[in-house]
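[1] got a predicted structure plus its sequence, pasted below:
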2 protein chains.
Amino acid sequence: AISRLVCILVFKMKTNMSILVVGAGYVGLATAVFFATKGYATTVVEQNNRIISKLNSGQLHFLEPELQKKLQLVLKRKLLTFCLPEQHVYQRADFVFIAIDSANRQTGKMKLHHFQQLADWFGSSKRNTPLTVILKSTNIIGFAEQFRALLDKTRYGKNIRLVVNPEFLREGYAFQDTAQPWRIIVGADDKRHTAGLLRLYRKIYHPSIPIIVTDCKSAELIKLASNVYLAHRLSFIHEIAEFARQEMLDIESVKNGIGLDPRIGLDYFNPGLGFGGSCLPKDCKLMNSKEMKQTFSFETARTALKINDRLLRNLVAHLKRNLHSLRGKRIALLGLAFKPGVDDYRDSQALKLGYLLVKEGAQVAVYDPYISDISTVKSTRITPYPTINQAIDKTSAVIIGTAHKQFMNLKPSQVAGYVKKKLIYDYHNMLNRSSWEKAGFEII
Amino acid sequence: AISRLVCILVFKMKTNMSILVVGAGYVGLATAVFFATKGYATTVVEQNNRIISKLNSGQLHFLEPELQKKLQLVLKRKLLTFCLPEQHVYQRADFVFIAIDSANRQTGKMKLHHFQQLADWFGSSKRNTPLTVILKSTNIIGFAEQFRALLDKTRYGKNIRLVVNPEFLREGYAFQDTAQPWRIIVGADDKRHTAGLLRLYRKIYHPSIPIIVTDCKSAELIKLASNVYLAHRLSFIHEIAEFARQEMLDIESVKNGIGLDPRIGLDYFNPGLGFGGSCLPKDCKLMNSKEMKQTFSFETARTALKINDRLLRNLVAHLKRNLHSLRGKRIALLGLAFKPGVDDYRDSQALKLGYLLVKEGAQVAVYDPYISDISTVKSTRITPYPTINQAIDKTSAVIIGTAHKQFMNLKPSQVAGYVKKKLIYDYHNMLNRSSWEKAGFEII
């Protein structure tokens, strides 16, 4: 009986499940590697040849320790392959997970031409088995409906099943959050479209993980709203901290006083330079995207972005009052990543601050222990340095950009030996205020 | 040794601790009754003679079951007395807890004349033992500083210790939250002023309850910000529900999909008519009070109020589209209280909705199982009825105002027999949508 069961399992895997993932970013790789660890032969499609060969050698192109380990494991077991996007690859797949960078980070506009091409490829050939296309990327609300229309216009597109199954990965935990998500959202406007995916998920996920089956628009809303909530929560404590700083109050006591109410809580409640990264600011923009058909105004998303911007503008204004002008001044930025312990500086508040300083005529000297290559930074006046001491040398102010734990070891005596002016901005509250003040620093 | 210890304890109580509480509302009574249960002879000062005699007979003038029980207990043990505010009463006290209704609910302005009179009384006589005045009422940020200035102007006021010790009571749990608070905030600009109160609190509170000692302004900020956070959280889910309703999405799935992220959570996350009550809206207004010296704009507080107002305006607009005009129409409002299970309708969204409907020319028929007296309602066109059937009779729409659990038993057949038009607004999602639709109702 057992050998028969094994036969059935092997048979099912081999014949039923051809999984394709489009996009080799955080989401695509976490999804693909997870399926591979569960024994499914998985293919990842990626445009960049350099990234493909890096991945084939078992190296991620970003920092994600657990995912890195699992990638090497599944490569050894030959369950994962990478290839360039070519039409014939799509014709073999039963499940296609779309995990491309779906929206322009600055404008919040959807990259429609990518989706148009995918729709054309999916719908160009006749199939004997059903194809389920799963939107994992974050979209504007109503986008699945638009994509459905693109599919329907193709020759065989009407038979394609379409599911919205948003990802909820925290950076640094991409694999863990894929393998053990807090919840799974499966949205489809035709409930029959979910059957195959639900069967797959029930096999690979623990039964204790809640699966919510809903319509496409609700699934899209859940994804965006979850991130807007987090942005909204962070913007709240940042606004309070901003006021407390201006009034010279003890931010730590204020934060604890508020967060000790268990309905509020102290997790995910640390003030710093604001919220950043590849998701929160973008999703706040997508929530009120002009491309949405509905005209509803999400005030919470607007307010979160407003508070986030004000914080940086106020910091620059404060710095200008302190230094009279920033023209030609060197300013040190310690940390460029959007959160501690990662190497990702996409849409980080530290980088945005860097751009604002450059706009005022400053030279920005960056040190980030996790980041050496800042080639996507769009200013030649933002320069990376390999050590803290080189970054702070001859600067008129030092700003902690990211709460990397390394910066807790900064010593006033070390910094004093290099800087031109003893002025430090520690919005993350990492440093012992009184010891820096004793050493003659102004600490903000 | 034990008898000596008892002697010392009795001695301490009798001689050291004369406790006075100003104001016999939720906060004042919970504070006073709690001290009395701990064995301290406590006096409550109240202006209203009718309330004094009611309290002396062991009856609260609001619904608060646990507090009611404890009140009767301490009255029997003769540890609690009530009296009119007269100057001599203040001269005996060592601790005076100010728990008056400190701000105008509509304008968010502080009731300065009350505080002026208290300052005059406190500062008019010389004392041999220190007097600690504790501000328990919610104030604008910076109010303690203003009150300090009032005290300092009086003859003996400079010796008075001033502490900000905000209350964090949930209605329905006034006694429990006083006896076992999540945290205690003690704010003073002169740390020596906290000594007496901290000694008292360390005696009566369990050592596991965190006490945060800070300055006055931080304590004031913590209080307001905690309530603004809660308003802000509620306004978030209300905004999402508003959109979901307009787009005909399943609000329950959307809410669960978002709240299953443990950083977000599902508690305190139920949509309805918005947030109301004696604290949240008022504190959102106080946060940006024009009486504050600082000009900081708290955007989260503004947004929370904005979303709250929009919801009611949208509901009225929807109703007008449905009924063409509201002029002369009867509308039933089931529930007037600001939250389920209480009899308090101060600043409730249901009442605000009632006023908006009256403004449009409607007659509003109210039924609330917890409220019979609506004498403080400022419109003769809002009428209370003793039964649901009388309230819904001949109405053109039924609106659930409060999520009182009794309304879950509403049956389409019952309602259909009375109403003029089968139209029901259930923003709290209490009713089984499909069974009402089957019975011919439009349910929103």
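    That came in fine, so what should we check first?

[2] please tell me how far A:Arg92 sits from A:Ser18.
    Applying C-beta to C-beta, to the nearest Å, the value for A:Arg92 to A:Ser18 is 5 Å. Bear in mind the C-beta positions are built from the backbone N, C-alpha and C, glycine included.

[3] and for A:Gly361?
    56 Å.

[4] what do you get for A:Asn256?
    Separation of A:Asn256 from A:Ser18 (C-beta to C-beta) stands at 53 Å.

[5] swap in A:Phe296?
    Plainly put, A:Phe296 is 40 Å away from A:Ser18 if you go by C-beta to C-beta.

[6] got it, and A:Glu64?
    Applying C-beta to C-beta, the value for A:Glu64 to A:Ser18 is 26 Å.

[7] cool, and A:Ala93?
    Using C-beta to C-beta, one obtains 5 Å as the distance from A:Ala93 to A:Ser18.

[8] circling back to that earlier point, more neighbours, A:Glu64 and A:Ser18?
    Taking neighbours as other C-beta atoms under 10 Å in any protein chain shown, A:Glu64 and A:Ser18 compare with A:Glu64 leading, 25 against 19.

[9] I'd say the more buried one and A:Glu171 touch.
    Yes. At 7.5 Å, A:Glu64 and A:Glu171 qualify as touching, with contact defined as C-beta atoms under 8 Å.

[10] A strand includes A:Phe168, no?
    No. Assignment of A:Phe168 by DSSP: H, G, I helix; E, B strand; the rest coil gives coil, placing it outside any strand.

[11] could you look up the SS state of A:Asp152?
    helix.

[12] contact partners for it?
    By C-beta atoms under 8 Å, 6 or more residues apart in numbering or on different chains, the contact set of A:Asp152 is A:Lys158.

[13] look up phi and psi at A:Phe97.
    Phi and psi for A:Phe97, reported as degrees, to the nearest 10, are phi -100, psi 120.

[14] identify the bridge partners of it.
    A:Val21, A:Ile134 (DSSP bridges).

[15] span of stretch A:172-191 from start to end?
    Terminal residues of stretch A:172-191 lie 34 Å apart, using C-alpha to C-alpha, to the nearest Å.

[16] list the buried residues for it?
    Using 16 or more other C-beta atoms under 10 Å in any protein chain shown as the test for burial, stretch A:172-191 gives A:172-179, A:181, A:183-188.

[17] ok, now stretch A:348-367?
    By 16+ other C-beta under 10 Å, the buried positions in stretch A:348-367 come out as A:348-354, A:356-358, A:360, A:362-367.

[18] got the contact list for A:Asn139?
    Applying C-beta under 8 Å, 6+ apart to A:Asn139 gives the contacts A:Ser102, A:Ala103, A:Met110, A:Val164, A:Glu220, A:Lys223, A:Leu286.

[19] that older thread, what touches both of A:Ala93 and A:Ser18?
    Listed as contacting both A:Ala93 and A:Ser18 by C-beta under 8 Å, 6+ apart are A:Thr43.

[20] and the gap between A:His428 and A:Trp436?
    The gap separating A:His428 from A:Trp436 is 14 Å, by C-beta to C-beta.

[21] tell me, how many residues neighbour the residue of the stretch 1-150 of chain A found nearest chain B?
    Minimum separation of the stretch 1-150 of chain A from chain B (C-beta to the nearest C-beta) falls at A:Ile141, amounting to 8.0 Å. Residues near A:Ile141, counting by other C-beta under 10 Å, number 28.

[22] how about it, phi and psi?
    phi -70, psi 130.

[23] how about the strands in chain A?
    Along chain A, counting by DSSP state E, strands occupy A:19-22, A:42-45, A:80-83, A:95-98, A:132-135, A:161-164, A:184-187, A:211-214, A:330-334, A:363-367, A:382-384, A:397-400, A:423-425, A:442-443.

[24] quick one on the thing from earlier: contacting residues around the residue of the stretch 1-150 of chain A closest to chain B?
    A:Lys217, A:Glu220, A:Leu221, A:Leu224, A:Met287, A:Met292, A:Gln294.

[25] what about the residues you listed, which are in helices?
    Using DSSP state H, A:Lys217, A:Glu220, A:Leu221, A:Leu224, A:Met287 are the members of the contacts of A:Ile141 that sit in helices.

[26] export the residues you listed as CSV, with columns for pLDDT.
    Converted to CSV, the ones in helices among the contacts of A:Ile141 look like this (pLDDT from 0 to 100):
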residue, pLDDT
A:Lys217, 96
A:Glu220, 97
A:Leu221, 97
A:Leu224, 96
A:Met287, 93
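
[27] what about chain B: which of those residues touch it?
    The subset of the ones in helices among the contacts of A:Ile141 within reach of chain B, by C-beta under 8 Å from any C-beta of the partner chain, is A:Lys217, A:Leu221.

[28] highest neighbour count among the ones in helices among the contacts of A:Ile141?
    For those, the largest neighbour count, defined by other C-beta under 10 Å, is 29 neighbours, found at A:Leu221.

[29] hmm, that residue is touching B:Ala241, no?
    No. Shown here, A:Leu221 and B:Ala241 do not form a contact pair, counting by C-beta under 8 Å, at 10.6 Å.

[30] any residues in contact with both of those two?
    Joint contacts of A:Leu221 and B:Ala241 (C-beta under 8 Å, 6+ apart) are B:Val254.

[31] how much space between A:Ala241 and chain B?
    As for A:Ala241, its distance to chain B is 10 Å (criterion: C-beta to the nearest C-beta, to the nearest Å).

[32] pLDDT score for the residue of the stretch 301-444 of chain A found nearest chain B?
    Taking C-beta to the nearest C-beta, chain B has its nearest neighbour within the stretch 301-444 of chain A at A:Thr303, 4.3 Å off. pLDDT recorded at A:Thr303 is 97.

[33] my read is that it contacts B:Thr303, right?
    Yes. Contact criterion C-beta under 8 Å: A:Thr303 and B:Thr303 qualify, at 4.3 Å.

[34] spit out the contact partners of A:Leu260.
    A:Leu260 makes contact with A:Leu266, B:Trp182, B:Arg183, B:Pro210, B:Ile212, according to C-beta under 8 Å, 6+ apart.

[35] can you pull the contacts of the residue lying closest to it once chain neighbours are set aside?
    Residue nearest to A:Leu260 in three dimensions, not counting chain neighbours: B:Arg183, with 3.9 Å by C-beta to C-beta, 6 or more residues apart in numbering or on different chains. For B:Arg183, the contacting residues are A:Asn256, A:Gly257, A:Leu260, A:Asp261, B:Phe168, B:Ile209, B:Pro210, B:Ile211, B:Ile212, by C-beta under 8 Å, 6+ apart.

[36] closest one of the residues you listed to A:Asp120?
    A:Asp261 (53.3 Å; C-beta to C-beta).

[37] now do the same contact list for the nearest residue to A:Gly196 once chain neighbours are set aside.
    Sequence neighbours aside, A:Thr132 is the residue nearest to A:Gly196 in space, at 5.0 Å (criterion: C-beta to C-beta, 6+ apart). Residues in contact with A:Thr132 (C-beta under 8 Å, 6+ apart) are A:Asp94, A:Phe95, A:Val96, A:Ile160, A:Arg161, A:Leu162, A:Val163, A:His193, A:Gly196, A:Leu197.

[38] picking up where we left off before, from A:Arg192, how far out is the residue of the stretch 301-444 of chain A closest to chain B?
    From A:Thr303 to A:Arg192 the distance is 40 Å (C-beta to C-beta).
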